[in-house]
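[1] With the input below, show me the fold.
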Amino acid sequence: MTSIGTIILDVFIFLSVYVQVFFFVTFLENRKKIIIRNGKTKLKSYPAVTITVPCWNEETTIERTIQSLLGLDYPKDKVKIFLIDDGSTDNTLNVINKFSSYPNIKIFHKENGGKFTALNLGLQNLETDFFGCLDADSFADPESLVRLMSYFEKDEKIMAVVPSVVLGSSINFIQGAQKAEYYMGVYFKKMLDFLGAIDVTPGPLTIFKRKVFDDLGGYRHGHNTEDMEIAYRMQKNYYKIEHCNDAFVYTNTPKTIQKLYRQRLRWIFGFINNTIDYRGVLFKKKYGNFSIFTLPVRIASVVAVFYLFMRIVYTTGTFLYSKLVILKTVGFHLSVKSFVFDPFFFNMQTFFLLIIVTYSLVFFSMIFGRRMTEGKWGFSMDMLYYFPIFSLVAPFWLMQAVYDTLLKRKPAWR
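    Next up, the predicted model:
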């Protein structure tokens, strides 16, 4: 007789396969729409854009971030840059003050209030019809802005365009694992674009029409994930978000497990709590695939990881306890037996084959994501790093995010 645990496991495996196959079918249906441009992009007109750079203790990266904005292939008089120091305690303010003489740069200094307050200060001083943010640890590709703006030119209904966020450089296997993850993220973001179901407008250079904030209000705290909250709010109000896959923004990523853990804890905590805040949109067809696909899939992923981890802990504990009982009963005896290969012990049940299919499609998402970001087909060692690192560590930040949510504790920004 099949146990309840086995049924639950089979359900989660089926959902994993379903999601991956669904994305793959979406890819097959829309692959000809995926455009990867080389060289310079030209627009019919060049609307003025304001880009706000909120910074808090970013003295080591902020100068390169600003230089990347100054190097954008966009008319210089059409790019307004707001540098907003959010109460830094290091040398950040002195670094950004070096750019005070630039005619298209305005510098603001305020008491520390969080990233969303810095962005709202930018909105309060906004004079252009388009607004964007660039995180102070990210660097815009010269062609990124013009390619993002080309989407607004093709469809006036588009209210926000998100770029492809990729890893700037990796110096160890922890960053290598994240590099593979970012490949996959570019692929999934494009598939969600085709489904009209994007759930995050990331800090690295998402561009909005001013109308979004005029109609919906400014940024909110969003549980330290303001870029997710504004995307949820836009989806709830039927504002169209698209992904420009060939607009690249390079970001720094955590170099240690500890820093990666803190970052992802904040992200998962933000997802859980923003979803709770917007629970009223769940499974409502009027909100489209965002409501009936993206959010349910992400919720199922959290539940699946939590369940599988607890099952592994329980199974491992039961096994060790049984061995301890045997050891106490009969004592320890070392014996060496010859090993005879027996194919009977290979698990060829249906769920095993489904796992193979799932992992194959995950590898495909990484490979095609790499194709979109680097123009290269094929496998990289970074893709192998992804599975052990995220499989071992992700359950812990997920469980802590759930625990913090239950206790109403907010994780630190860093």
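[2] contacts, neighbours, all on C-alpha from now
    Fine.
[3] got a list of what the residue sitting nearest the centre point of the chain touches?
    Nearest to the mean C-alpha position of the chain, counting by Cα atoms, centre = their mean, stands residue 185 at 6.4 Å. With contacts defined as Cα atoms under 8 Å, 6 or more residues apart in numbering, residue 185 is in contact with residue 369.
[4] now with 6 Å?
    The contact partners of residue 185, by Cα atoms under 6 Å, 6 or more residues apart in numbering, come to none.
[5] Tell me which helix or strand comes right after the helix or strand harbouring it.
    Residue 185 belongs to helix 173-195 when assigned by DSSP states H and E. Next in sequence after helix 173-195, counting helices and strands by DSSP H and E, comes strand 207-209.
[6] just checking, what packs against that following strand?
    strand 130-133, strand 158-167 (3 or more Cα pairs under 6 Å, 6 or more residues apart in numbering; DSSP states H and E).
[7] List the buried residues for the very next helix or strand once past it?
    Per DSSP H and E, strand 207-209 leads on to helix 210-216 as the next helix or strand towards the C-terminus. By 16 or more other Cα atoms under 10 Å, the buried positions in helix 210-216 come out as 210, 212-213.
[8] Now the element after helix 210-216, going C-ward?
    helix 226-236.
[9] relative to helix 173-195, how tilted is the very next helix or strand once past that next one?
    Sequence order places strand 240-251 as the next helix or strand after helix 226-236, per DSSP H and E. Put simply, strand 240-251 runs at 160 degrees to helix 173-195, going by axes from the mean of the first three to the mean of the last three Cα atoms, to 10 degrees.
[10] and strand 240-251, how far from the chain's centre?
    12 Å (Cα atoms, centre = their mean, to the nearest Å).
[11] Please name every helix or strand in contact with it.
    strand 138-140, helix 144-154, strand 158-167, helix 173-195.
[12] show me where pLDDT drops low in the chain?
    Across the chain, the ranges flagged by pLDDT under 70 are 1-2, 5, 331-352, 354, 413-414.
[13] do you know how far the residue nearest to residue 24 when sequence neighbours are not counted is from residue 242?
    Leaving aside its chain neighbours, residue 24 sits nearest to residue 361 (7.5 Å; criterion: Cα to Cα, 6 or more residues apart in numbering). Distance of residue 361 to residue 242, computed by Cα to Cα, to the nearest Å: 23 Å.
[14] Ok, residue 391 next?
    30 Å.
[15] Just want to know which of those two has more residues nearby.
    Between residue 391 and residue 242, counting by other Cα atoms under 10 Å, residue 242 is the more crowded of the two (25 against 12).
[16] give me the beta-bridge partners of the closest residue to the more buried one other than its chain neighbours?
    Nearest non-adjacent residue to residue 242, counting by Cα to Cα, 6+ apart: residue 161, 4.9 Å away. Note on residue 161: beta-bridge partners by DSSP bridges are residue 207, residue 242.
[17] how much space is there between residue 383 and residue 27?
    20 Å.
[18] Buried residues in the longest helix anywhere in the chain, which are they?
    Determined from DSSP state H, the single longest helix within the chain is helix 295-330. By neighbour count on 16+ other Cα under 10 Å, the buried set for helix 295-330 is 295-297, 302, 304-309.
[19] do the same with stretch 357-369
    In stretch 357-369, counting by 16+ other Cα under 10 Å, buried: 357-358, 361-369.
[20] With stretch 17-24 instead?
    17, 19-21, 23-24.
[21] Now render these as TSV, adding distance to residue 204 and secondary structure.
    Shown next, in TSV, are those (distance: Cα to Cα, whole Å; DSSP: H, G, I helix; E, B strand; the rest coil):
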residue	distance to residue 204	secondary structure
17	31	helix
19	27	helix
20	27	helix
21	29	helix
23	24	helix
24	27	helix
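[22] Specify which member of these is nearest to residue 316.
    Nearest to residue 316 among the buried residues of stretch 17-24: residue 17, at 25.9 Å, using Cα to Cα.
[23] Could you measure from the spatially closest residue to residue 61 that is not a sequence neighbour over to residue 63?
    Distances taken as Cα to Cα, 6+ apart put residue 137 closest to residue 61, at 5.5 Å, once the chain neighbours are dropped. Separation of residue 137 from residue 63 (Cα to Cα): 10 Å.
[24] go on, residue 220?
    In terms of Cα to Cα, residue 220 sits 27 Å off from residue 63.
[25] swap in residue 315?
    Applying Cα to Cα to residue 315 and residue 63 gives a distance of 51 Å.
[26] same question, residue 288
    41 Å.
[27] Now for the closest residue to residue 245 other than its chain neighbours, how many residues are close by?
    In space, and not counting its chain neighbours, residue 245 is closest to residue 164: 5.3 Å by Cα to Cα, 6+ apart. The burial count assigned to residue 164 is 28, neighbours taken as other Cα under 10 Å.
[28] Identify the bridge partners of residue 165.
    Bridge pairing for residue 165 - DSSP bridges - gives residue 249.
[29] Just to check, it is in contact with residue 246?
    No: look at residue 165 against residue 246 with Cα atoms under 6 Å: they stay out of range, at 9.9 Å.
[30] quick one: which of those two has more around it?
    The residue with more neighbours, out of residue 165 and residue 246, is residue 165; 26 against 23, by other Cα under 10 Å.
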